[in-house]
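Participant: With the sequence up front, the predicted model follows.
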Amino acid sequence: MIRASPSPPSNRLPRPMTQPWWQHDSHTVLDDDILIDGHSLTQLARQHGTPLYVYSRETVQRQLRKMQTALAAVRMPHRIYYAMKSNRHPGVLRAIRDLGDVGIDTCSPREVELALAAGFAPEEISFNAGMLSTAELAYLAASGVHCTLDTLSGLRRYAALVPAGTAVGLRFNPGVRVGYGDNPKMAYGDSKFGFEPDGLEQILETVAALGLRVDAVHMHIGWGLTQNSVPQVAKAFSRLAEIGRQIDGLKYINVGGGLGARYVEADQPLELSSWATLIAEILGPLGATIWCEPGTFVSASSGMLVVEANTTEARRGVTWLGVNAGFAINPNPSMYGIALTALALQQPRAEAAHAYTIAGNINESGDIWGRDMMLPLIQEGELVAFFPAGAYGSSMASDHCLRGKASEVMLETIAFPIPAIQNVLAIAEQGLPGAGSCAA
C-alpha cells in the first residue's frame, strides 16, 4: 500500500478572479498551484512523480448524480451502466459501486472479470460488443451478465451455449453519422456496429427459432455529441423507437453513450436536459426502462494529467515545448485529434501569452499534444497539466518505445477548509488486475 505524506498547512489561499472555463466544483485555483478536492497537484507530482494521472472521486459521483437527476426530472425509469472502457481504475470503479444504483457496461470478458472483482453482481453488469469469438461467448454465457449482440452469427453461437428463453439485447445502426468534430472515428452510424432496421423481421424470426428472446434494443450514436447535433440525435432515437414498437415484450431501450465533456473552451457538449427531453418525448411512450452507457461524461472531467516540461526551444518559426509524456500515455490528440487543454500548473493565473507546440517523448513525428497552445512563459522543469484527462487516457495507454506507464492517483473528498491535508486511499487493497500504481 502506497500512501501520500500529509502536506504541511499553507497560507496560499485562493483570491478572487474570473473563473476559467475549465474550473468546476472540485477545483481550487491558487497563484502557484491547482487543488483537486483540496489536494495539491504539485505536491502529488512531487510525491508520485510524473507523468501522473489524478482523479477526483467526488467528480465521478457528481457526474452520475447529474445524469440520474436529469432522467428523473423527465420521469423516465432508468438504469445507468458506466462504460468501464473509458477509465477502469479501481478507485473509479469503487466510487461508482459506493454511489449505488449504477451498473457497469463492459465490452470484453476481462472487463466482466474486473467488474465482478470490483464487487458488481452479474445482474449489475451489461455486455455489448461485436465480432466475438466462440470462446468469448462461452465465457459470457457462463457469467450470467446481460448480453447485447449485433450479428446473426453471434446470436446463433450464443444460443447454443445458453438455456432456452435466455434474454438478449439487439444493437442497431443509428443511421446517422454524428460525433465530436469532423473525425469519422467519433461517429458510429453506418460503421461496423449494428443490425440494419430493415432486417428486423428476419432477425426476430432467427431469435425465436434459436430459442432466445429479445428484451432490449440498443443504439450508440457517436462519441462527444454536441448541442448542435440535437436533430441527428432525435432522428436516431426515432429510428430506435420504431424498432422498439415492433418487438413484443420489450423491457429496455438502451441509448448507449455519447454524452461528452468540454475539451477546449469552444466546445458545446449536448446538454443533459436536451438529451433527457429527447428520450422522454421520443422513447418515453414505449413504456420501457431506459438504459444508458456513459463513459466520457462521467470520467473525463474527473482527471488531470500532470507532466514535466523538459525542453523549450524555438526552431523553424515554432516554439516547441517538450514534455515527459506522449501518445503512449494518452492517445487522444494523436489518434482522434482531440486536443486537451494545457494548463501551467505552477502559474495557473498568469496570462497565457505564449504559443507553444507541445510535443511528447515518443519517437514518432505524430507525437504532438497540440499546436499553438497558449500558455504563460514556461521554464524547463515546470509542471504542465492537461485537462480533461480522466477518459480514454490510461485505459488506452501502451508501452510504446518502452516509455512506461503513468502513475495514477484517486483522491478522496476532504471536508476541510482550503488548504487541505493529504488523505490517501490505496487501490492495492482491491487486488484488481490492471490497477494503477498508487492512490491518494
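Facilitator: That came through fine.
Participant: so what's Ala70 up against?
Facilitator: For Ala70, the set of contacting residues under the criterion of Cβ atoms under 8 Å, 6 or more residues apart in numbering consists of 272-273, 275-276. Where C-beta positions appear, they are placed from N, C-alpha and C, glycine not excepted.
Participant: what's the burial count for the closest residue in space to Arg75 that isn't next to it in sequence?
Facilitator: Counting by Cβ to Cβ, 6 or more residues apart in numbering, Arg75 lies nearest to Ala280, which is 7.0 Å off, once chain neighbours are set aside. Ala280 is surrounded by 16 other residues when neighbours are defined as other Cβ atoms under 10 Å.
Participant: Just say helix, strand or coil for Ala280.
Facilitator: Taking DSSP: H, G, I helix; E, B strand; the rest coil as the rule, one finds Ala280 in the helix state.
Participant: And it, how far from Thr226?
Facilitator: Distance, Ala280 to Thr226, by Cβ to Cβ, to the nearest Å: 20 Å.
Participant: What segments of the chain are helices?
Facilitator: Counting by DSSP state H, one finds helices in the chain at the ranges 41-48, 57-73, 90-99, 109-117, 134-143, 152-159, 200-209, 230-244, 272-278, 296-299.
Participant: Can you say which of those is packed in most?
Facilitator: The densest packing among the helices of the chain, expressed as mean neighbour count by mean count of other Cβ atoms under 10 Å, is seen in helix 296-299 with a mean of 29.
Participant: Outline the domain layout of this structure.
Facilitator: 27-55+302-430, 58-299 (automatic domain parsing).
Participant: ok now the longest one, how far from the chain's centre?
Facilitator: This points to domain 58-299. Between the centre of domain 58-299 and the centre of its host chain there is 14 Å, according to Cα atoms, centre = their mean, to the nearest Å.
Participant: What mean pLDDT does that domain get?
Facilitator: Confidence for domain 58-299, expressed as mean pLDDT, is 94.
Participant: again with the shortest one
Facilitator: Averaged across domain 27-55+302-430, pLDDT comes to 89.
Participant: residue contacts, the closest residue to Leu286 other than its chain neighbours?
Facilitator: The shortest distance from Leu286 to any non-neighbouring residue, by Cβ to Cβ, 6+ apart, is to Gly244 (5.1 Å). Contacts here follow Cβ under 8 Å, 6+ apart; on that basis Gly244 touches 217, 250, 253, 283, 286, 288.
Participant: Does the fourth one touch Tyr252 like I think?
Facilitator: Translated: Leu283. No: in this structure, Leu283 sits apart from Tyr252 without contact. The criterion is Cβ atoms under 8 Å, and the distance is 10.7 Å.
Participant: Overlap of the contact sets of these two?
Facilitator: Joint contacts of Leu283 and Tyr252 (Cβ under 8 Å, 6+ apart) are Ile290.
Participant: closest to Ala72 among the contacts of Gly244?
Facilitator: Leu283 (15.4 Å; Cβ to Cβ).
Participant: Look up how far Leu272 lies from that closest one.
Facilitator: Here the distance between Leu283 and Leu272 works out to 16 Å (Cβ to Cβ).
Participant: distance between the longest strand along the chain and the chain's centre?
Facilitator: Taking DSSP state E as the criterion, the chain has its longest strand at strand 303-315. The offset between the C-alpha centroid of strand 303-315 and the centroid of the whole chain comes to 24 Å, using Cα atoms, centre = their mean.
Participant: Output the contacting helices and strands for it.
Facilitator: Using 3 or more Cβ pairs under 8 Å, 6 or more residues apart in numbering; DSSP states H and E as the contact criterion, the elements in contact with strand 303-315 are helix 41-48, strand 52-56, strand 318-323, strand 383-387.
Participant: try 6 Å
Facilitator: Using 3 or more Cβ pairs under 6 Å, 6 or more residues apart in numbering; DSSP states H and E as the contact criterion, the neighbours of strand 303-315 among helices and strands are strand 52-56, strand 318-323, strand 383-387.
Participant: then the first one to PDB, C-alphas only?
Facilitator: The C-alpha atoms that make up strand 52-56 are tabulated as PDB, following Å, rounded to 0.1, in the frame of the first residue of the first chain:
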ATOM      1  CA  LEU A  52       0.800  11.400 -13.200                       C
ATOM      2  CA  TYR A  53      -3.000  10.900 -13.600                       C
ATOM      3  CA  VAL A  54      -5.100  12.400 -10.800                       C
ATOM      4  CA  TYR A  55      -8.700  11.500 -10.500                       C
ATOM      5  CA  SER A  56     -11.500  13.000  -8.300                       C
END
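Participant: contact partners of it?
Facilitator: Applying Cβ atoms under 6 Å, 6 or more residues apart in numbering, the set of residues contacting strand 52-56 from outside is 26, 36-37, 44-45, 302-306, 390, 394, 406-411.
Participant: and the angle from it to strand 303-315?
Facilitator: Using axes from the mean of the first three to the mean of the last three Cα atoms, to 10 degrees, the direction of strand 52-56 lies 140 degrees away from that of strand 303-315.
Participant: quick one: strand 52-56 to helix 41-48, angle?
Facilitator: Here strand 52-56 runs at an angle of 130 degrees relative to helix 41-48 (the same axes, to 10 degrees).
Participant: right, and Ile96 touches Tyr82 too?
Facilitator: Yes: using Cβ atoms under 6 Å, Ile96 is in contact with Tyr82, at 5.2 Å.
Participant: So for these two, which residues contact both of them?
Facilitator: Contacts common to Ile96 and Tyr82, judged by Cβ under 6 Å, 6+ apart, are Val102.
Participant: For the contacts of Ala70, which two are the farthest from each other?
Facilitator: Ser273 and Trp275 (7.3 Å).
Participant: re earlier: now render the helices and strands packed on strand 303-315 as CSV, adding distance to Leu161 and mean neighbour count.
Facilitator: Formatted as CSV, the helices and strands packed on strand 303-315 follow (distance: least, Cβ to Cβ, whole Å; neighbours: other Cβ atoms under 10 Å):
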stretch, distance to Leu161, mean neighbour count
strand 52-56, 37, 27
strand 318-323, 48, 19
strand 383-387, 44, 25
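Participant: closest one to Gly175 among the ones you listed?
Facilitator: strand 383-387 (34.2 Å).
Participant: what lines up beside that closest one in the sheet?
Facilitator: Applying DSSP bridges to the sheet, strand 383-387 is found paired with strand 303-315 (antiparallel), strand 341-344 (antiparallel).
Participant: can I get those strands in a markdown table with mean neighbour count and distance to Arg177?
Facilitator: Compiled in a markdown table, those are given as follows (neighbours: other Cβ atoms under 10 Å; distance: least, Cβ to Cβ, whole Å):
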| stretch | mean neighbour count | distance to Arg177 |
| --- | --- | --- |
| strand 303-315 | 19 | 28 |
| strand 341-344 | 22 | 27 |
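Participant: re earlier: rebuild the helices of the chain as TSV, extending it with distance to Ala344.
Facilitator: Putting the helices of the chain into TSV (distance: least, Cβ to Cβ, whole Å) gives the following:
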stretch	distance to Ala344
helix 41-48	11
helix 57-73	22
helix 90-99	27
helix 109-117	36
helix 134-143	46
helix 152-159	49
helix 200-209	54
helix 230-244	36
helix 272-278	31
helix 296-299	24
